[in-house]
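S.K.: dropping the sequence and predicted coords here.
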Amino acid sequence: MNGHVSVLLPESLALLNIHDGGTYVDLTLGRGGTSSEILKKIPNGRLVCFDLDEEAIEKSTSRLKAIGSNFTIVHSNFSNYPEELKKLGISQVDGLTADLGVSSPQFDEADRGFSYKEEAPLDMRMDVRQTLSAYDVVNTYSLHDLTRIFREYGEDKDAYAVSKAIIKKRESSPIKTTTELAELIKESKPISSRLKKGHPAKQIFQAIRIEVNGELDNLKKALDAIPSVIAPKGRVAIISFHSLEDRLVKDKFKELTVVEGNRHEMYDLPSELEEAPFINLTKKPIEAGLEEVENNHRSASAKLRGIERKGENP
Ligand SMILES: C[S@@+](CC[C@H](N)C(=O)[O-])C[C@H]1O[C@@H](n2cnc3c(N)ncnc32)[C@H](O)[C@@H]1O
């Protein structure tokens with residue numbers, strides 16, 4: 001048991017349209033669930049995987065080695081993927097996939113500090129080489145910055161009340177653990193919010209995690225690089241888990257597949273020069289079916305989107 005059940009796996013593999021001999025990139029290796037299935041399909045191809053979590057790399061390397069040796073794991077933030085691919089002599093790829101966010105083992109291993117349910121030091125770093133942790137965010141950010149990230153990244157309407165409670169508490173002593181923070185969040189919220197479905201700390205923990213790991217900036221950078229690395233007929237398949245991520249993916253895919261005002265100025269004819277470089281493969285995002293959601297709760301919020309680069313195979 002590798003401890004992580006991949007979400008929408010058959011659907012994302014189908015979307016990638018994998019063919020043997022091609023070069024593929026998995027931006028989020030995790031426990032290797034997606035990567036191992038790609039590798040099985042490309043005995044004569046090449047797979048490059050990224051993760052910034054040492055433990056994920058350690059655990060999935062043997063899983064991939066049991067299938068083949070035609071893969072490279074890069075211990076780096078996926079936002080650097082074009083440069084890292086260049087270092088490996090790769091300028092174009094036939095498919096790129098990402099299954100964003102945190103893996104189940106990252107959540108389940110209490111000492112990583114991602115979960116509001118388990119007592120642990122406030123950490124939440126995916127990459128333990130990084131210095132900024134959840135402790136720093138909670139204990140050093142200003143009232144203004146805490147409110148901003150809770151509002152923007154947590155979409156929590158009690159952002160100000162929670163931030164005020166944090167600032168007050170840390171005046172006497174720093175907030176050190178996940179459960180201490182979770183309790184404080186709960187107490188700072190009005191009864192109406194506490195009675196809502198889901199733990200009252202969920203959105204605030206999500207916001208801190210996004211801030212600590214720069215998740216939205218990394219995703220933006222990775223999306224911006226798509227046109228520079230995807231080969232003609234190459235595909236991109238991305239799974240997101242919350243509306244902020246999905247919005248970024250949706251907007252970038254729209255930008256790459258639709259050209260607004262695509263008419264020749266003088267003759268009102270379509271201008272070839274302005275043709276969109278990609279085709280949208282998922283007009284609506286693909287979501288998990290009832291059975292998958294029942295078996296894997298994490299899949300409930302998953303949205304899979306895909307695009308294909310226009311043109312002929314080189
Ligand atoms: C949901 S898991 C991927 C699971 C994987 N598809 C599987 O089937 O096992 C997401 C993984 O992406 C990694 N990750 C998240 N953001 C990253 C980033 N910016 N750069 C590199 N890895 C990242 C996390 O450390 C985590 O291991």
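M.R.: Cool, the structure landed.
S.K.: got the residues of the stretch 151-300 of the chain near the ligand?
M.R.: Contact residues, the stretch 151-300 of the chain versus the ligand (C-beta under 6 Å from any ligand atom): residue 218. Heads up, the C-betas are built off the backbone N, CA and C, glycines and all.
S.K.: what residue in the stretch 151-300 of the chain comes nearest to the ligand?
M.R.: residue 218 (3.9 Å; C-beta to the nearest ligand atom).
S.K.: mind checking what secondary structure that residue has?
M.R.: Under the three-state scheme (DSSP: H, G, I helix; E, B strand; the rest coil), residue 218 adopts helix.
S.K.: that one: neighbouring residues, count only.
M.R.: Residue 218 has 19 neighbours, counted by other C-beta atoms under 10 Å.
S.K.: now swap in the one 4 residues further on and tell me
M.R.: The burial metric for residue 222, expressed as a neighbour count using other C-beta under 10 Å, is 24.
S.K.: that one against residue 78, yeah?
M.R.: Yes: between residue 222 and residue 78 there is a contact under C-beta atoms under 8 Å: 5.4 Å.
S.K.: shared neighbours of the two, anything?
M.R.: By C-beta atoms under 8 Å, 6 or more residues apart in numbering, residue 222 and residue 78 have these common neighbours: 27, 98.
S.K.: what's residue 77 in contact with, if anything?
M.R.: So residue 77 contacts 50, 52, 127, 218 (C-beta under 8 Å, 6+ apart).
S.K.: what's the answer for residue 219, then?
M.R.: Applying C-beta under 8 Å, 6+ apart, the residues near residue 219 are 79, 100, 245, 248-249.
S.K.: remind me which helix or strand residue 85 belongs to.
M.R.: Secondary structure assignment for residue 85, by DSSP states H and E: helix 81-87.
S.K.: does that helix reach the ligand?
M.R.: No: counting by C-beta under 6 Å from any ligand atom, the ligand has no neighbours in helix 81-87; the shortest distance is 8.6 Å.
S.K.: what's the neighbour count on residue 289?
M.R.: Neighbour count of residue 289, defined by other C-beta under 10 Å: 11.
S.K.: what's the nearest residue to the residue of the stretch 151-300 of the chain closest to the ligand if we skip its chain neighbours?
M.R.: residue 79 (4.2 Å; C-beta to C-beta, 6 or more residues apart in numbering).
S.K.: grab the nearest non-local neighbour of residue 76.
M.R.: Excluding its sequence neighbours, the residue lying closest to residue 76 (C-beta to C-beta, 6+ apart) is residue 84, at 5.5 Å.
S.K.: quick one, helices of the stretch 201-314 of the chain?
M.R.: Assigned by DSSP state H, counting those that start in this stretch, the helices in the stretch 201-314 of the chain fall at 202-213, 215-224, 226-229, 243-257, 290-295.
S.K.: now the ones you listed as a markdown table including mean pLDDT?
M.R.: A markdown table is the format used below for the helices of the stretch 201-314 of the chain (pLDDT from 0 to 100):
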| stretch | mean pLDDT |
| --- | --- |
| helix 202-213 | 96 |
| helix 215-224 | 98 |
| helix 226-229 | 98 |
| helix 243-257 | 96 |
| helix 290-295 | 95 |
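S.K.: nearest to residue 27, of those?
M.R.: When the helices of the stretch 201-314 of the chain are compared by C-beta to C-beta, helix 215-224 sits nearest residue 27, at 6.4 Å.
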